[in-house]
Structure formats: C-alpha cells, structure tokens
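**Q** Can you look at this prediction? I've put the sequence above it.
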Amino acid sequence: QKEVEQDPGPLSVPEGAIVSLNCTYSNSAFQYFMWYRQYSRKGPELLMYTYSSGNKEDGRFTAQVDKSSKYISLFIRDSQPSDSATYLCAMSVGAQKLVFGQGTRLTINP
Amino acid sequence: ETGVTQTPRHLVMGMTNKKSLKCEQHLGHNAMYWYKQSAKKPLELMFVYNFKEQTENNSVPSRFSPECPNSSHLFLHLHTLQPEDSALYLCASSQDELAGSHEQYFGPGTRLTVT
C-alpha cells in the first residue's frame, strides 16, 4: 500500500465550478499537510500548508485535513482556466521529508 | 536571478557518459533537496542537505552522486545511468530543519533522457 494515495485523474470541469481534490494516507504520524500546484514544464509551487486537523482558507482555495479519517482535501471555488495544472498533495512527519501523492491533472474548460 | 534555478533544463546522455546537474538558490536558505519525478509516479525525495551536510539519502543508487559546496549550490553528478533513470530532476530549498519551516521552493527541473 502506498503511503499517500491520490487519484491521477485527469479531471475536467467547466469554468466557475467548485473543484474538489483529495488524498488519503496510511501513516498516522503525518502532522504537516501541503498542496502544491505544478504547471507544465515548471516546478511545483506551494499553495496551501496546514498543520494537524482543520480547515484553512486562502482566497478561492480551502484546505481540509481530517486526521481521524486520514483524508485531506483541497477545494477550489470559482475555478478559472488559469487553475489548470497538476495538483500534488504532500505530507510529512517532521520538517523536511515530504511524501507526495501522484498528482491530479486538472483542466478547467472556458 | 531569483528563486531556485537549475541548469541545464534539458539533458540527453548515453549510458556511459558522465554529466552534472546544477542547482542554485537565491533565497538565503540553508537546506537543499534533490527530487526525482517520473511519469505516473509520485515525486521521490533523493537527498537532503542542511548547512552543506547530507542529512538524508533515500536509498539512492551510487550512480547518482550529490555535492553541496555551500548553502546556495547543489550538484548532482551522474555516471553510468540506466534508461529507467530518465525523469525530471527537481531541486528545492527551504529554511533548515531547526527553523521548522516546511515551505520548500522548487526549481523548474532538468529533463533528463538516458539513451
């Protein structure tokens, strides 16, 4: 079993839709949870960072962590074509050893 | 130059060649990382350096040899690679482990093809 499971998609939605991206994990020791966005031919960039359970909102993006279910989500409201990218979840026990999901390829259609 | 830069952006090499990838960060960080990103597989951490010292080697084959001469520069020396080593190699940097920051900044990567 992989430590982090993420559906690779692809996921295609119309502009303006709410997008839900998810990851599940098996290691209950994970404490830090991140979402990265990666555009084609670019490196990943950090979108959201959360510690332990709960919600965090930043503009159109909301990250949720449910440690009891070992499940994390990223919601994108009012999705835009510029949100089309691959979204990677990542998590870690300590500060530096990130474990990534496979990434979900998202396309927002105008 | 800003952020994290990597050179070359593309590299094609034969299995008997020796080449090096270079990474430079302009963020004042003390930790640097090498990752491998293969198609249809998650990003895999390869090496971690804190204050120029290697603190993590994630069971990487010896044909990959990292070097960190100072906190701003990181190299990955490659020799006698295999075709399955073809991938995007990403460098990242962050504040050091003791600072507790988890934000890693990535470079654009080097697309490596082994023929």
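**A** Alright, I've got the coordinates.
**Q** all strands of the chain, in order?
**A** Here I'm looking at chain A. Along chain A, the stretches classed as strands by DSSP state E are A:4-5, A:11-14, A:19-25, A:32-38, A:45-51, A:54-58, A:61-66, A:71-76, A:85-92, A:99-100, A:104-109.
**Q** Not quite, go with chain B.
**A** Under the criterion DSSP E, chain B carries strands at the ranges B:4-7, B:10-13, B:18-25, B:31-37, B:44-50, B:53-57, B:64-70, B:73-79, B:87-94, B:105-106, B:110-114.
**Q** Please name the residues that touch the residue in chain A positioned nearest to chain B.
**A** Closest to chain B within chain A is residue A:43: 3.3 Å, counting by C-beta to the nearest C-beta. Backbone N, C-alpha and C define where each C-beta goes, glycine included. If a contact means C-beta atoms under 8 Å, 6 or more residues apart in numbering or on different chains, then residue A:43 has B:4, B:90, B:92, B:106-109 as its contacts.
**Q** Give me the nearest residue to it, chain neighbours excluded.
**A** Nearest in space to residue A:43, with sequence neighbours left out and distances taken as C-beta to C-beta, 6 or more residues apart in numbering or on different chains, is residue B:106 at 3.3 Å.
**Q** what's the spacing between the one you found and residue B:44?
**A** Here residue B:106 is placed at a distance of 14 Å from residue B:44 (C-beta to C-beta, to the nearest Å).
**Q** related to what we said a few turns ago, export the strands of chain B to a markdown table and append columns for distance to residue A:67, mean pLDDT and mean neighbour count.
**A** Formatted as a markdown table, the entries for the strands of chain B read as follows, by distance: least, C-beta to C-beta, whole Å; pLDDT from 0 to 100; neighbours: other C-beta atoms under 10 Å in any protein chain shown:
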| stretch | distance to residue A:67 | mean pLDDT | mean neighbour count |
| --- | --- | --- | --- |
| strand B:4-7 | 31 | 96 | 18 |
| strand B:10-13 | 41 | 96 | 14 |
| strand B:18-25 | 32 | 97 | 19 |
| strand B:31-37 | 26 | 96 | 24 |
| strand B:44-50 | 22 | 95 | 21 |
| strand B:53-57 | 25 | 93 | 13 |
| strand B:64-70 | 34 | 97 | 15 |
| strand B:73-79 | 34 | 97 | 19 |
| strand B:87-94 | 24 | 96 | 24 |
| strand B:105-106 | 26 | 94 | 21 |
| strand B:110-114 | 36 | 96 | 18 |
